[in-house]
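# I'll drop the sequence and a predicted model, then ask my questions.
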Amino acid sequence: MVATLIRPSMLSDSDVSKESIAGMLSGQDSDEYFSRIANSDGPILIGPWISEVGFELLYWIPFLNRIVEDYRLDRRRIYVLSRGGVSSWYGEMGRCYTDIFNLMPVEIFKRKNQDREEATGTQKHVDVGPLDLELLRAWQVYRECEEFWLVHPALMYKRFEPFWRRKRSIRLIEANTRYLRIETDTIRAIEQKLPETFIAVKFYFSKALPDRGVHEKYVAKLLRRLSLNNRVVLLNTGLDIDGHGDVLPKTSDDLLTFSEFMTPENNLAIQSMLVGRSKAFLGTYGGFSYLSPYMGVPSISLYATELKFLPVHLDVARRACRYLKFGTFDKVRAAKDHEAVPGAEFNCMSLDEFARLTDLL
């Protein structure tokens, strides 16, 4: 199928419209598609990104960085559609950023995204569905954009699926990604309230850290110990957006929170700023834990059982962390073992292992 601009007639609610976009994205060579975009005019919409933070940080944005570089896409043509105020994650690509929650109320988004996950059987955004069409229509009106090129997450999933299915090596990821540092914006109202040095902490319940009383007690004890000699900023949002409930310890003068500043449209922007200003990050192993290495911040991520996550993603995260130090994967491979550990070390360990190291229990 020949690559074409997205037009209003393609964004109706009909199955024909959905299939026409899906076919355009999956039925052709993506390299040819990107070449046509590069040799054309008109806006380029990246997104919508509606799923996990981890895949956005670890795969999607680095994939886009590589495309922009390899095909010399004009960043002035690029528009980003994501959620939570993550324009800074996209660097120069994020200058024309639109937040999904400015286009759709969060409760409606949650319901429709849940419907999507139930219909497809996965969180992964591997196809174009009704929610995509609705968001694309809303974005088109919001930006007053008649026609645009679409770089949809399905293109990234299609490219990397052989690696996740273990049919291709890690070299597939290395050849199709570029990891860049993230610089966050200053939010003055929060900056004025921050201590000079602090540790950013984000514990939430997930498959890696199930919602159990023993885990809540563990986190509470950890925070009490940590706050004896450190100021601690909790990244709790007070929002229910992605189904991951915050671990809620009792607050104290040594445990600061900024949830009163957070909204669906800016919560990830604020959390990113806090991580970037911190001297270290500590929290649940998961998608958000991939953020701190992009900012040069040392981190420790904890899990209750490694049977609940795929080690392959952890391997990619560690390689990405080294890439951020050395600049290319070739230099990472050439480095000696003692050189391959970056300054912003990405540590991941079990609760028991961390307890032994810190004499916590």
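Here it is on my side, so go on. Numbering: from 1, shown residues only.

# ok, and what's touching the helix or strand hosting Asn347?
Using DSSP states H and E, Asn347 sits in strand 346-350. Under the criterion Cβ atoms under 8 Å, 6 or more residues apart in numbering, residues 285, 289, 292-293, 298-306, 314, 317-318, 321, 357 lie in contact with strand 346-350. Backbone N, C-alpha and C define where each C-beta goes, glycine included.

# Can you give the strand pairings for it, parallel or anti for each?
strand 299-303 (parallel) (DSSP bridges).

# Could I get the CA-only coordinates of the strand it pairs with as CSV?
The C-alpha coordinates for strand 299-303 follow below in CSV (Å, rounded to 0.1, in the frame of the first residue of the first chain):
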residue,chain,number,x,y,z
SER,A,299,18.8,4.9,40.9
ILE,A,300,17.8,1.7,42.7
SER,A,301,14.6,-0.1,41.7
LEU,A,302,13.1,-2.9,43.8
TYR,A,303,10.8,-5.8,43.1
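
# Give the next helix or strand downstream of it.
helix 311-326.

# all strands of the chain, in order?
Taking DSSP state E to define them, one finds strands in the chain at 44-46, 78-82, 97-99, 149-151, 199-202, 232-234, 255-257, 280-284, 299-303, 346-350.

# What ranges in the stretch 101-250 of the chain fall below the confidence cut-off?
Residues of the stretch 101-250 of the chain meeting the criterion pLDDT under 70: 243-245, 248-250.

# Would you format the strands of the chain as TSV with distance to Leu57 included?
Formatted as TSV, these follow (distance: least, Cβ to Cβ, whole Å):
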stretch	distance to Leu57
strand 44-46	15
strand 78-82	11
strand 97-99	16
strand 149-151	17
strand 199-202	14
strand 232-234	20
strand 255-257	23
strand 280-284	13
strand 299-303	13
strand 346-350	12
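
# Could you dump these into TSV with mean neighbour count and distance to Asp132 added?
Converted to TSV, the strands of the chain look like this (neighbours: other Cβ atoms under 10 Å; distance: least, Cβ to Cβ, whole Å):
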stretch	mean neighbour count	distance to Asp132
strand 44-46	25	11
strand 78-82	23	10
strand 97-99	20	14
strand 149-151	25	9
strand 199-202	24	29
strand 232-234	22	34
strand 255-257	18	35
strand 280-284	24	29
strand 299-303	23	31
strand 346-350	18	32
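
# So for Arg116, which of the ones you listed sits nearest?
Among the strands of the chain, strand 78-82 comes nearest to Arg116, with 15.7 Å by Cβ to Cβ.

# Touching that closest one from outside, list them.
43-49, 56, 68, 87, 89-90, 93-100, 135, 139, 143, 145, 148.

# and what of stretch 254-270?
So stretch 254-270 is contacted by 53, 83-88, 99, 101-102, 106, 184-185, 187, 189-190, 193-195, 198, 223, 227, 230-234, 236-239, 241, 249, 251, 271, 274 (Cβ under 8 Å, 6+ apart).

# from these, which would you call buried?
53, 83-88, 99, 101, 106, 184, 187, 190, 194, 198, 223, 227, 230-234, 236-237, 241, 249, 271, 274 (16 or more other Cβ atoms under 10 Å).

# So which residues of the stretch 151-300 of the chain form helices?
For the stretch 151-300 of the chain, the helices defined by DSSP state H, counting those that start in this stretch cover 153-164, 171-175, 188-191, 213-226, 267-277.

# CA atoms only for the second one, dumped as PDB, please.
Only the C-alpha atoms of helix 171-175 are listed here, as PDB (Å, rounded to 0.1, in the frame of the first residue of the first chain):
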ATOM      1  CA  ARG A 171      21.400  -5.800  17.800                       C
ATOM      2  CA  LEU A 172      18.000  -5.100  16.400                       C
ATOM      3  CA  ILE A 173      17.300  -2.600  19.200                       C
ATOM      4  CA  GLU A 174      20.700  -1.100  19.000                       C
ATOM      5  CA  ALA A 175      20.400  -0.500  15.200                       C
END
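
# Residues touching it, excluding its own?
Taking Cβ under 8 Å, 6+ apart as the rule, helix 171-175 contacts Tyr59, Arg159, Phe160, Pro162, Phe163, Val316, Arg319, Phe329.

# got it, and the shortest one?
Contacts of helix 188-191 from elsewhere in the structure, counted by Cβ under 8 Å, 6+ apart, are Phe258, Phe261, Ile270, Met273, Leu274, Arg277.

# Go again with 6 Å.
Phe258, Phe261 (Cβ atoms under 6 Å, 6 or more residues apart in numbering).

# Next, work out how far apart Phe203 and Leu223 are.
8 Å (Cβ to Cβ, to the nearest Å).

# What residue spans form the domains of this structure?
As recorded under automatic domain parsing, the domains making up the chain are 8-175, 188-358.

# ok, back up a step: buried subset of the contacts of helix 171-175?
Tyr59, Arg159, Phe160, Phe163, Val316, Arg319, Phe329.

# Kind regards, and thank you for your time.
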